[in-house]
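Colleague: Quick one, structure for this:
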Amino acid sequence: MSTGATDPLLLAAFWRDVLNYVDDPPPEGYSSWAEYDVANAVPQEEVEAGATIVDPNGIGPRVFFQRVPEPKRVKNRVHLDVAVATAPPGEQRIAEIRQAALALVQRGATWAAESGDPSDFFIVLLDPEGNEFCLV
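Modeller: Model prediction:
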C-alpha cells in the first residue's frame, strides 16, 4: 500500500504508532537505510523522500509513504478503521476507544467526530496531514 505525504517521515512515524508497526528493516548486508543510501549513491533529495513501515508479525500490509509536492486537498480515497477495543459494545469499549484516541491526539492526530451510538461506537480522527480514519 502506498500513500502520498508532504512529510513522509512524520506520517510514517505516526502510522507506525497507530498500527503497532515497525520501520521497514534495511536490506540484508546493511545496518541502516543511511548506509544503504550511501553505498548505492542515492541522491540526497531522495534520501527522505519516502518511508516504509511493516507489520512486525508479517501479517498486515507493508505501507509506503512517498513525498508529494502538494498538500491533501480533498477527502481521502482510502479510509481505515483501526480496531483498538477488545471489550464488547458498551461503556468499557467506549472507554477503550476514547483512551486510544486521546493517546493519538497527543501524537499529532486531530479529533474530528464520534458516533453517538453505544452499540456501534467509533471515533473519527485526522492524521497529521488531514487523512481521516476511525478507531473502532
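Colleague: got a list of contacts for the lengthiest helix in the chain?
Modeller: Of all the segments of type helix in the chain, defined by DSSP state H, the longest one is helix 91-106. Applying Cβ atoms under 8 Å, 6 or more residues apart in numbering, the set of residues contacting helix 91-106 from outside is 17-18, 84-87, 109, 111, 118, 121-123, 125, 135-136. Quick note: C-beta positions are derived from backbone N, CA and C, even for glycine.
Colleague: Among these, which ones are in strands?
Modeller: For the contacts of helix 91-106, the ones inside strands are 111, 123, 125, 135, with DSSP state E as the criterion.
Colleague: Quick one: buried ones out of the residues you listed?
Modeller: Buried residues within the ones in strands among the contacts of helix 91-106, defined by neighbour count using 16 or more other Cβ atoms under 10 Å: 123, 125, 135.
Colleague: residues contacting the most centrally placed residue in the chain?
Modeller: Within the chain, one residue has its C-alpha closest to the average C-alpha position: by Cα atoms, centre = their mean, that is Trp15, at 1.8 Å. By Cβ under 8 Å, 6+ apart, the residues touching Trp15 are 21, 53, 63, 65, 127.
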